[in-house]
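> build the 3D model from these lines:
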Amino acid sequence: MFTDPNRPLYEVKAGLFKGLAHPIRIRILEVLSATPEASVSELLKAIDIEASHVSQHLSVLRRNRLVISERRGSLVFYRLAYPQVADLLHVARALLAEILETTQEQLIAREGLPEILVRS
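You can find the predicted model right below:
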């Protein structure tokens, strides 16, 4: 994915966003953004889904080089591969808040419009 030098950067970037394109993966990254590292059991507790699902999502995040795993004895710990991942999540949340605020303003503005009667 990242190693093909013939792929245009926009395709590689789209692949990265595909790796992010699931709410559970976003939640995992948010949890990891709030702490230097977390064990799989800590992630399971924070996200509250089945272990097999967390494992699948962590695999996608590893494949997309967004997280790094480290085994210590019987435990596996995860951390963000790059601090920019947390920055990306922060910017996405700020953008979403602005979009929702604009949408809310549009909804409020619409409340003042006269009613449209539907004729049958």
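> which strand or helix spans the residue minimising distance to the centre of the chain?
Against the mean C-alpha coordinate of the chain, by Cα atoms, centre = their mean, the closest residue is I26 at 2.3 Å. Assessed by DSSP states H and E, I26 sits inside helix 23-33.
> about what we covered before: return the residues in contact with the residue nearest to the centre of the chain.
By Cβ atoms under 8 Å, 6 or more residues apart in numbering, the residues touching I26 are L20, L89. In short, each C-beta sits where N, CA and C put it, glycine included.
> strands of this protein, residue ranges please.
Here the chain has its strands, by DSSP state E, at 38-39, 67-72, 75-80.
> and these as JSON lines, adding mean pLDDT and mean neighbour count?
Supplementary listing: the strands of the chain in JSON lines, determined by pLDDT from 0 to 100; neighbours: other Cβ atoms under 10 Å:
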{"stretch": "strand 38-39", "mean pLDDT": "96", "mean neighbour count": "16"}
{"stretch": "strand 67-72", "mean pLDDT": "96", "mean neighbour count": "13"}
{"stretch": "strand 75-80", "mean pLDDT": "97", "mean neighbour count": "17"}
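> L96: which of the ones you listed is closest?
strand 75-80 (19.8 Å; Cβ to Cβ).
> direction included, what does that closest one pair against?
Here the strand partners of strand 75-80, with direction, are listed using DSSP bridges: strand 38-39 (antiparallel), strand 67-72 (antiparallel).
> what about it, distance to the chain center?
Average the C-alpha atoms of strand 75-80, do the same for its chain, and the two points are 17 Å apart (Cα atoms, centre = their mean, to the nearest Å).
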